[in-house]
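Peer 1: just to be clear, the model below is a prediction. Sequence and coordinates:
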Amino acid sequence: MRLLVRCDTDCYAYSDDGPTPLARRGEGYDGGKPMWDKQPELREKSMAKGYWIAHVTVKDPEGYKKYVAANAEPIGRFGGRFLVRAGKYEIRRGPERQRHVVIEFDSFERAKACYDSPEYQAAAKIRDAYADVDILIVEGYDG
C-alpha cells in the first residue's frame with residue numbers, strides 16, 4: 001500500500017482504498033512538517049518500495065538473452081517493474097559497466113524475496129555464465 005499525505009486546509013491520506021481524513025488545521029495538523037512525528041502509526045501504513053540496482057558487463061550477448069528470458073517469470077511474479085533497462089548513460093565516477101538496470105518492487109521485502117527465490121536463483125546462474133554483475137537491493141526513501 002502506498003500512502004500519500006496531502007495537507008492544505010484538511011489533511012488526507014490517499015491510498016489504494018481512497019482518501020482518509022487525518023486532521024483539520026487546529027485539530028492536530030499545524031500546516032508544518034508531515035504528521036509522522038505526531039502520529040507515528042501513520043508511518044507504519046506507509047511502505048517504502050524496494051529496488052534492484054544492477055551494473056552489468058555482458059560477455060556473451062547471445063547467451064545473455066537466455067538470462068533475460070529466464071528472469072521474466074520471477075520478476076513479474078513478484079511485481080517487479082523495470083524503471084531503467086540499458087539506455088544512455090554517463091560514468092561520472094567509478095568503474096564502467098555496459099548496462100545499468102533498476103527494477104522497482106512494492107517493498108524492500110518483495111525485492112529480497114524475488115532475488116532469493118529458487119526461480120530467480122536459477123536465472124542468476126545463467127546470468128553469471130554470460131555477464132559480470134554488481135547488484136544491490138535497496139529500500140526506497142519514504143520521507
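Peer 2: Everything's here; your move. Numbering: from 1, shown residues only.
Peer 1: and the helices in the chain, which stretches?
Peer 2: With helices called from DSSP state H, the chain shows them at 41-45, 61-77, 108-116, 118-130.
Peer 1: between those helices, which gets nearest to residue 51?
Peer 2: Smallest distance to residue 51 across those (C-beta to C-beta): 6.5 Å, for helix 108-116. No exception for glycine: its C-beta is placed from N, CA and C like everyone else's.
Peer 1: residues near the closest residue to residue 63 other than its chain neighbours, how many?
Peer 2: Using C-beta to C-beta, 6 or more residues apart in numbering and skipping the chain neighbours, the partner closest in space to residue 63 is residue 130 (3.8 Å). As a burial measure, residue 130 scores 19 neighbours (other C-beta atoms under 10 Å).
Peer 1: which residues touch residue 130?
Peer 2: Residue 130 is in contact with 58, 59, 60, 63, 64, 66, 67, counting by C-beta atoms under 8 Å, 6 or more residues apart in numbering.
Peer 1: rerun that using 6 Å as the cut-off
Peer 2: Residues in contact with residue 130, defined by C-beta atoms under 6 Å, 6 or more residues apart in numbering, are 59, 60, 63, 64.
Peer 1: just curious, which of the residues you listed is nearest to residue 78?
Peer 2: Nearest to residue 78 out of the contacts of residue 130 is residue 64 (C-beta to C-beta; 21.2 Å).
Peer 1: that older thread, now render the contacts of residue 130 as CSV, adding neighbour count and distance to residue 103.
Peer 2: Formatted as CSV, those follow (neighbours: other C-beta atoms under 10 Å; distance: C-beta to C-beta, whole Å):
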residue, neighbour count, distance to residue 103
59, 12, 21
60, 11, 22
63, 14, 21
64, 18, 16
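Peer 1: fine, thanks again, bye for now.
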